[in-house]
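**Student:** Okay, sequence plus prediction incoming.
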Amino acid sequence: MVKLFVSDMDGTLLNEEHVVSERNAKAIKALQQADIEFVIATGRAYNSARPMLDAHKINCKMINLNGAAVYNLDGDIETKIPLEIDTVKEMLNYLEETETAYSVMTDKYFYVGDKEAFVNRVKGMLRKLEIEKYTNIETDDAYSSDAQFIHELAYIKDMSEFSYTDDTTALKFMIFGEPSDSKLPHFLKTFEGYEDLDITSSGPDNLEVTHSKAQKGFAVAEYAASRGIAMEDVATIGDSLNDRSMLQMAGHSYAMENASPEVKAMAKFIAPSHREDGVAVVIEEILNQL
């Protein structure tokens, strides 16, 4: 029996317009009313994820930055797992030397190498979404990397303002590059052997780097244990490689139809696409079995 339902956001709970649909919102509320807890597990920062839920008055616990930060119902951070300072310095040196685009996320801000260029990139994505909304052209799901920052423009700072201290710890790096160039593979080859790093991805144009202990599956397992819930009674749903640990660890795991074959192979079941309210479809099936 499912006692805890955990959902990714981009490409999963959010539709092609990068919002929570009415059907998904209704299903989540019905799940909560049935005393099955709903939790978000996302690569997004809290400030980026929260507005999506507030639009439908949905309140839930949130696992953010792939498990590097966990927030309670009041929006207060409960736990955070920062990257090792020596590894951060090595990555920063490498990224600057190779002129690779990146951002550093703390629990409060995004730090980027070229703030103006980064903001313009996100604004360009917003204009593209608005044009497509009125021309019936399907949105390219690869834009999910940019969509994560729609609500974050006020929190973006230039990298020159970043300093690693006890109060400002790096929780996640995002490495950006065109799928056709070699910068992402080269970064992966350079750092994939670091035991203190977990390197994954939420799209073909990015790599996501957190501490090896900061993974969605680990955070879900820890929270389930604190609630006395066995992982066999946990349902997880996602579409990207950064969902892999929670898909592999949960008793009921669902990969979206829009996920890659690699991600689908990690899940026990396949849910309809995020364009077809796949999260709602799965929740409705669970509720019908009560």
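**Tutor:** Yes, it's here.
**Student:** And the helices in the stretch 101-250 of the chain?
**Tutor:** Applying DSSP state H, counting those that start in this stretch to the stretch 101-250 of the chain gives helices spanning 115-133, 144-147, 183-191, 216-226, 244-249.
**Student:** Neighbours of residue 57, how many?
**Tutor:** 8 (other CB atoms under 10 Å). C-beta here means a position set from N, CA and C on the backbone, and glycine is covered the same way.
**Student:** same thing with residue 29?
**Tutor:** Neighbour count of residue 29, defined by other CB under 10 Å: 15.
**Student:** what's the answer for residue 76, then?
**Tutor:** 8.
**Student:** where's it relative to residue 69, distance?
**Tutor:** Residue 76 is 11 Å from residue 69, where distance means CB to CB, to the nearest Å.
**Student:** Now residue 80: phi and psi?
**Tutor:** phi -150, psi 150 (degrees, to the nearest 10).
**Student:** so what's it closest to, chain neighbours aside?
**Tutor:** Distances taken as CB to CB, 6 or more residues apart in numbering place residue 69 nearest to residue 80, at 4.7 Å, with adjacent residues excluded.
**Student:** Can you show me the strands along the stretch 151-290 of the chain?
**Tutor:** Assigned by DSSP state E, counting those that start in this stretch, the strands in the stretch 151-290 of the chain fall at 156-158, 172-176, 197-200, 206-211, 234-238, 252-256, 269-271.
**Student:** Distance check, residue 116 against residue 156.
**Tutor:** Counting by CB to CB - residue 116 and residue 156 are separated by 10 Å.
**Student:** quick one on the thing from earlier: kindly reformat the strands of the stretch 151-290 of the chain as JSON lines containing mean pLDDT and mean neighbour count.
**Tutor:** Shown next, in JSON lines, are the strands of the stretch 151-290 of the chain (pLDDT from 0 to 100; neighbours: other CB atoms under 10 Å):
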{"stretch": "strand 156-158", "mean pLDDT": "83", "mean neighbour count": "15"}
{"stretch": "strand 172-176", "mean pLDDT": "94", "mean neighbour count": "23"}
{"stretch": "strand 197-200", "mean pLDDT": "98", "mean neighbour count": "20"}
{"stretch": "strand 206-211", "mean pLDDT": "96", "mean neighbour count": "25"}
{"stretch": "strand 234-238", "mean pLDDT": "98", "mean neighbour count": "28"}
{"stretch": "strand 252-256", "mean pLDDT": "98", "mean neighbour count": "25"}
{"stretch": "strand 269-271", "mean pLDDT": "98", "mean neighbour count": "18"}
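**Student:** between those, which gets nearest to residue 91?
**Tutor:** Closest to residue 91 of these is strand 172-176 (CB to CB; 6.2 Å).
**Student:** Specify the angle between the closest one and helix 183-191 in degrees.
**Tutor:** Angle of strand 172-176 versus helix 183-191, following axes from the mean of the first three to the mean of the last three CA atoms, to 10 degrees, is 140 degrees.
**Student:** The spatially most central residue of the chain is in what secondary structure piece?
**Tutor:** With distances taken as CA atoms, centre = their mean, the residue of the chain nearest its centroid is residue 43 (2.1 Å). Assigned by DSSP states H and E, residue 43 belongs to no helix or strand.
**Student:** Next, the contact list for it, please.
**Tutor:** 9, 10, 64, 65, 66, 148, 172, 202, 208, 240, 242 (CB atoms under 8 Å, 6 or more residues apart in numbering).
**Student:** What distance do you get for residue 211 to residue 52?
**Tutor:** Separation of residue 211 from residue 52 (CB to CB) stands at 25 Å.
**Student:** which parts of stretch 47-55 are buried?
**Tutor:** For stretch 47-55, a neighbour-count test (16 or more other CB atoms under 10 Å) marks 47, 48, 49, 50, 52, 53 as buried.
**Student:** how far away is the fifth one from residue 46?
**Tutor:** To residue 46, residue 52 is 11 Å away according to CB to CB.
**Student:** what number of residues lie near residue 225?
**Tutor:** Counted with other CB under 10 Å, the neighbours of residue 225 add up to 11.
**Student:** next one: residue 30
**Tutor:** 15.
**Student:** Excluding sequence neighbours, find me the nearest residue to it.
**Tutor:** residue 287 is the one closest to residue 30 (CB to CB, 6+ apart), at 6.1 Å.
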